[in-house]
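J.: what's the 3D shape of this:
(2 chains)
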Amino acid sequence: MPALFSEGFLLGLSTGFYCLASCLPLLAPYLMAEGKAAWKFNFYIFLQFLGGRFAAYMLFALLASLAGKAGQYALPSWLLPASMAGCGGLMAFLAVSRVSVKGGPCFLKKDLNPWFSRLPLVLGFVTGINICPPFAAGFIRLLELADVPKGFAYFGGFFAATSLFISPVLLGTPWLGRRANEIGRLTLLIAGLWYLALGLSGLFK
Amino acid sequence: METTAKPEQRAAPAALFAALVFIPVFFFSAAIAGREISRLYALAWALFSGGIAYAIAFTGSVSGPRRIFFSVSALAFLVHFKLSLLGKALAPSCFTDTPFCHIAMAPYFLNYLYQQYLALMSGGWKLWGPLTLGGAWLFVTLAIGRAWCSWACFYGGIDDGLSALPRRPLLRLGNWALRLRDLPAALLIFFMLVSLAYMLPVFCLWLCPFKLTGSFLDGQGWHKTAQYALMYAALAALVIAPLLTKKRIFCSYLCPFAAWQAFWGRLNPFRVTADPALCTGCLKCTQACPMTAISCAPGGKAEVSAYCNLCGQCLEACPGAGFRYTLFGLELPRAAGFFRELFAVKYLYVFSALTLGAAFSSLWAPAALRDLVKLLGF
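T.: Numbering: from 1, shown residues only, chains lettered A, B, ... in the order given. This next block holds a predicted model:
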């Protein structure tokens, strides 16, 4: 089991940059939009995000191991665009649902609704199911292993290593102010619409 | 120059100022354009730049002559690089490729960093080209900062020139002008992240209004249709929207480099500063500002934001003369002597911006002049 954890960890270390490139357009605008000039608060958001991502990884580890057991070795073609569209839709929804009704410097400036307090977890989850190339490589290994505990160990290692690549995003957050939050919300809207369009185009191609 | 002085008193310092601009511009213009075309074209460009300097010093007005210089430079860019692509009538005479676009530099920044990392790790020193570009950008930023967008950018010249044409705006943006003012910053962050994620120049592919020739487009499907649609939207923002609103819409709301330069431009000492004591809250400056960079601060006083590119429109619009050019908010001590008026922040700034803008424009302006001369059959 430790060997499999190490194998997943090494896969994460070697391909983590590409994982970062896929996750950064989602996580960075969110942190910018919701972060505060308090490192602890931003770290809490980050932990929630990682929690959601971890849940998604473990879910995939479970599904891939079961699929491997059942001899199903291919990912459904709709999965990648659907996960991308889901992720983009959530981001755009988050940004648009905060449209200000009153005048102000930014049209997305409404204060955070308590309903959104668990969003980092959800966002982490949809980012986790947003399959990137390193993730797909790990997924295929899981199909081959076809064993649930081994799959958890392997993807646990993969998750730990890729999380290291994502963590530097926290570095800039202690300087976040109200203005940066507003810019982050606009970025979140643009990025959400972008991923939604790409995902939908993949689904209906 | 103080406009209260008599014309004959203003002429000599203005001539000196023009000469101070002419000499370096001619030097760089001859060095750049003179490699392939006659130095007479470089001389003509340097004389034009010197003439602009004279007009600024003689009248004391920055924004009017600046706008002429800026628009002529942008038109020359279009003549030399873009019109030639539509037919052979204006075939480029010497520089067949556009200069590396500064606007692509900002949204592609993370990719450059990654490329330099790879170059460092692999010893591929030929990949260190972007460092030269980065060095040039740093020099420009330290020399003129955000004034790049009002003196040198060939996109900005089009937007700025067209925004000056209508007498009054046909369309008023109202509160939305300020509410969407951070959109370029959001676009910049978005483009930086997705360009890194896809390892592609996403701004050039999706939003650049200058890719009229059909290059930088995906091959097939809805991507190409969407890219065309966004390109035409950006083109409308660059060409039509300024005519309707009297504002620089592309530069204010779509250009990622404007946001980049607004951030890094703080390194440069030149500022436009509003004096609250002289502000009556008439808001004429906010109407005049083509960049929507002036807002009404609490207390009803004008507040200049980081998006200001020091074009000088507000200096002339303010009835109380409440705006001035400063160095980090401070003015130079008053000098004595015949040429004392030249020792002001305003002329220090104009010298930096005009000289740098004219030297940069030497990449195409003298050649565009030659294209026109050829077209006229000489």
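J.: contact partners for the residue in the stretch 101-250 of chain B positioned nearest to chain A?
T.: Of all residues in the stretch 101-250 of chain B, B:Ala186 sits closest to chain A, with a separation of 3.4 Å (C-beta to the nearest C-beta). Yep, even glycine has a C-beta here, placed from its N, CA and C like the rest. Contact analysis of B:Ala186 by C-beta atoms under 8 Å, 6 or more residues apart in numbering or on different chains lists A:Ile183, A:Gly184, A:Leu186, A:Thr187, A:Leu189, A:Ile190.
J.: ok, and the most crowded of those?
T.: A:Thr187 (30 neighbours; other C-beta atoms under 10 Å in any protein chain shown).
J.: check contacts around it.
T.: Taking C-beta under 8 Å, 6+ apart as the criterion, A:Thr187 is in contact with A:Ala28, A:Pro29, A:Met32, A:Ala33, B:Ala186, B:Ile189, B:Phe190.
J.: out of those, which are inside helices?
T.: Where the contacts of A:Thr187 overlap with helices, as defined by DSSP state H, the overlap consists of A:Ala28, A:Pro29, A:Met32, A:Ala33, B:Ala186, B:Ile189, B:Phe190.
J.: list phi and psi for the closest residue to the first one other than its chain neighbours.
T.: Leaving out its chain neighbours, the residue that sits closest to A:Ala28 by C-beta to C-beta, 6 or more residues apart in numbering or on different chains is A:Val169, at 5.6 Å. Torsion angles at A:Val169 (phi, psi; degrees, to the nearest 10) stand at phi -60, psi -20.
J.: surely A:Val169 and A:Leu27 touch.
T.: Yes - counting by C-beta atoms under 8 Å, A:Leu27 is a contact partner of A:Val169 at 5.8 Å.
J.: about what we covered before: so who does the residue nearest to A:Ala28 touch?
T.: Residues touching A:Val169, when contacts are defined by C-beta under 8 Å, 6+ apart, comprise A:Leu24, A:Leu27, A:Ala28, A:Leu31, A:Phe46.
J.: what do you get for B:Arg271?
T.: Taking C-beta under 8 Å, 6+ apart as the definition of contact, the neighbours of B:Arg271 are B:Val304, B:Cys308, B:Leu310, B:Tyr325, B:Thr326, B:Leu327, B:Phe328, B:Gly329.
J.: wait, is B:Gly174 part of a helix?
T.: No - applying DSSP: H, G, I helix; E, B strand; the rest coil, one finds B:Gly174 to be coil, outside a helix.
J.: how close does it get to B:Ala15?
T.: To B:Ala15, B:Gly174 is 46 Å away according to C-beta to C-beta, to the nearest Å.
J.: the two: which is more packed in?
T.: Higher neighbour count among B:Gly174 and B:Ala15: B:Ala15, with 15 against 9, using other C-beta under 10 Å.
J.: where does that one fall, secondary structure wise?
T.: Assigned by DSSP states H and E, B:Ala15 falls within helix B:7-33.
J.: can you give me the buried ones in stretch B:170-189?
T.: Along stretch B:170-189, these residues count as buried under the neighbour rule (16 or more other C-beta atoms under 10 Å in any protein chain shown): B:173, B:177-189.
J.: ok now it, how far from the chain's centre?
T.: On the basis of C-alpha atoms, centre = their mean, to the nearest Å, the separation between the geometric centre of stretch B:170-189 and that of its chain is 19 Å.
J.: hang on, B:Ala197 packs against A:Leu24?
T.: Yes - when contacts are counted by C-beta under 8 Å, B:Ala197 is listed as touching A:Leu24 (6.7 Å).
J.: quick check, the residue in chain A closest to chain B?
T.: Taking C-beta to the nearest C-beta, chain B has its nearest neighbour within chain A at A:Leu186, 3.4 Å off.
J.: so what's that residue closest to, chain neighbours aside?
T.: When the adjacent residues along the chain are set aside, A:Leu186 lies closest to B:Ala186, with 3.4 Å between them (C-beta to C-beta, 6+ apart).
J.: low-confidence stretches in chain B?
T.: Along chain B, the model assigns pLDDT under 70 to residues B:1-5, B:7, B:82-100, B:125-129, B:212-220, B:337-338.
J.: domain ranges for it?
T.: According to automatic domain parsing, chain B comprises the domains B:1-97+B:337-378, B:100-267, B:270-327.
J.: nearest to A:Trp78, out of those?
T.: Between A:Trp78 and the domains of chain B, the shortest separation by C-beta to C-beta is 17.4 Å, and it involves domain B:100-267.
J.: just the ones in helices among the contacts of A:Thr187 now: which is nearest B:His80?
T.: Out of the ones in helices among the contacts of A:Thr187, the one with the shortest distance to B:His80 is B:Phe190. That distance is 31.9 Å, counting by C-beta to C-beta.
J.: ok, and the closest non-adjacent residue to that closest one?
T.: A:Ile190 (4.6 Å).
J.: show me the contacts for the most centrally placed residue in chain A.
T.: When chain A is reduced to its mean C-alpha position, the closest residue under C-alpha atoms, centre = their mean turns out to be A:Thr127, at 2.2 Å. With C-beta under 8 Å, 6+ apart as the criterion, the residues that contact A:Thr127 are A:Cys23, A:Leu26, A:Leu27, A:Phe49, A:Gly52, A:Arg53, A:Ala56, A:Cys87.
J.: farthest-separated two in those?
T.: Within the contacts of A:Thr127, A:Leu27 and A:Ala56 form the most distant pair, 13.5 Å apart (C-beta to C-beta).
J.: hang on, the earlier thing: for the contacts of B:Ala186, could you give me TSV that also reports distance to A:Ser83 and pLDDT?
T.: What follows is the contacts of B:Ala186, written out as TSV (distance: C-beta to C-beta, whole Å; pLDDT from 0 to 100):
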residue	distance to A:Ser83	pLDDT
A:Ile183	27	88
A:Gly184	23	86
A:Leu186	24	89
A:Thr187	21	90
A:Leu189	20	89
A:Ile190	19	91
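J.: TSV for the residues you listed, including secondary structure?
T.: What follows is these, written out as TSV (three-state DSSP):
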residue	secondary structure
A:Ile183	helix
A:Gly184	helix
A:Leu186	helix
A:Thr187	helix
A:Leu189	helix
A:Ile190	helix
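J.: any chance of a markdown table for those, columns distance to B:Leu243?
T.: Written out in a markdown table, the entries for the contacts of B:Ala186 read as follows (distance: C-beta to C-beta, whole Å):
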| residue | distance to B:Leu243 |
| --- | --- |
| A:Ile183 | 29 |
| A:Gly184 | 33 |
| A:Leu186 | 26 |
| A:Thr187 | 30 |
| A:Leu189 | 28 |
| A:Ile190 | 26 |
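J.: secondary structure element holding the residue nearest to the centre of chain A?
T.: Here A:Thr127 is covered by helix A:119-128, with elements defined by DSSP H and E.
J.: name the next helix or strand downstream of that helix, please.
T.: Reading on from helix A:119-128 to the C-terminus, the next helix or strand found by DSSP H and E is helix A:133-145.
J.: give the buried residues for that next one.
T.: Residues of helix A:133-145 classed as buried by neighbour count (16+ other C-beta under 10 Å): A:Pro134, A:Phe135, A:Gly138, A:Phe139, A:Arg141, A:Leu142, A:Leu143, A:Leu145.
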